[in-house]
Structures are given as structure tokens and as C-alpha cells.
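Asker: below is the structure, and that's it, no one-letter string:
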């Protein structure tokens, strides 16, 4: 059965290489080179799988996290396979917590990438061999982190939590105000209180804090 795929990478040569290395039963129905293009390509083509580079231009600096926040959550959402040169633990854990089903490095062979796409399409979790160990270690230890996140969230009012989640997804103050029917000044006030209560310095730290804890 054919798997419909969107390939997202800011380097043309990588997108071409991925497309040409995939097996014939994997149909590349769209491509994108930045956050905004990725979201639009997924909206238009409705693929089963998105092959997603972790570090992308556009968005609010979160790259793949910005894309994941926008394309996941609906019943028809695609499954996401992260493809990156990075094998850093923080990159892997952040995108998996944000909803990616797998993470492989760009050293992967064409046949192995094709197999990873097919497995992710069926719901399997797929990782490059050396990454699987610390992913398991992180999620085995997640109980304490989830509890800590819950404790931190308890410090925030219901409105502050609403603002925090939207800011963490990359919305601007103006967009948050429009969604919650409050003024930009009120949004700024809520963000200031959230940062103070969570002991964070700026909205980028907030986005990273939320991603690490699987909060969206």
C-alpha cells in the first residue's frame, strides 16, 4: 500500500536526496523548506507521514516544535518522523514529547528510511539504534517530571495556563489576545506572571519548558 509523504527540510539537496532514496511505494506528495511551508503543505496534501527536519527557519524559533504544534491533534493528523543531523538528547526528547513517532539521523540509508516511514505510518515508534536507549531512559523516568510539571501548573491560574499554552505553541501576544478575547496588555501581564512563577526568563525558555514536559 502506498504511503503519502511530505518532506520538510530547508536544504534543497536533502529534500531531493530523500525523495530519490525512498522506495516506489512511498509517494512524496509535498515538500517544504520552512515552518510556514510545512504547515501549509500538510494542510493541502493531507499525508500519512511527514519526514521533518528538526531545525527549520520560520516560526518562533522552535523549528520542528512549531510544526508539530500546528499539525498534530486532529483525528486525521499525520504521523511524524524526525530526520536530523543532530543526535543530541535534548533535540530527540523535545520532538518526541511534542508528538513525533520516530527520530532518525541523516546518516540513515535509503532502504532503512523507507522502512522507517512504513513503520511510522502503521503507528510504530522508530529510532536510530543509538538514540533508542536514552529515549527509553527519559520516558522511564518521566513519572517524576510529569509530577513536577503538574506541581508547577498548580501555581498558575486557569487563565495563566491558557496563555502559557498558546505562547508555548508560538502564538504572538496579539494572536493570544484575539483567541482569548483579551487585550495585548493583559496578555503581557499574564505572561510576566507565568514567567515569574515558573522562574523562567523569556518566552523561548517557556516554549522549551513546555515541550520538555509534553505540555501543549
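Answerer: It's in. A quick note: this is a predicted structure, and the numbers were derived from the prediction, not measured. Residues are numbered from 1 along each chain as shown.
Asker: what about residue 46, neighbour count?
Answerer: 14 (other CB atoms under 10 Å). C-betas here are computed from N, CA, C, even on glycine.
Asker: can you tell me the closest non-neighbouring residue to it?
Answerer: residue 76 (6.7 Å; CB to CB, 6 or more residues apart in numbering).
Asker: so how far is residue 47 from that neighbour?
Answerer: 10 Å (CB to CB, to the nearest Å).
Asker: quick one, which of the two is more surrounded?
Answerer: Each of residue 76 and residue 47 has its neighbours counted (other CB under 10 Å); residue 47 has more, 22 against 6.
Asker: now do the SS call for the residue nearest to residue 46.
Answerer: Three-state call for residue 76 (DSSP: H, G, I helix; E, B strand; the rest coil): coil.
Asker: now do the phi/psi pair for it.
Answerer: phi -100, psi 10 (degrees, to the nearest 10).
Asker: and the pLDDT for residue 60?
Answerer: Per-residue pLDDT puts residue 60 at 65.
Asker: what's the answer for residue 81, then?
Answerer: 96.
Asker: same check on residue 107?
Answerer: 89.
Asker: same question, residue 121
Answerer: 93.
Asker: hang on, isn't it packed against residue 49?
Answerer: Yes. Contact status for residue 121 versus residue 49: in contact at 5.1 Å, counting by CB atoms under 8 Å.
Asker: give me the common contacts of those two.
Answerer: Jointly contacting residue 121 and residue 49 under the rule CB atoms under 8 Å, 6 or more residues apart in numbering are 3, 79.
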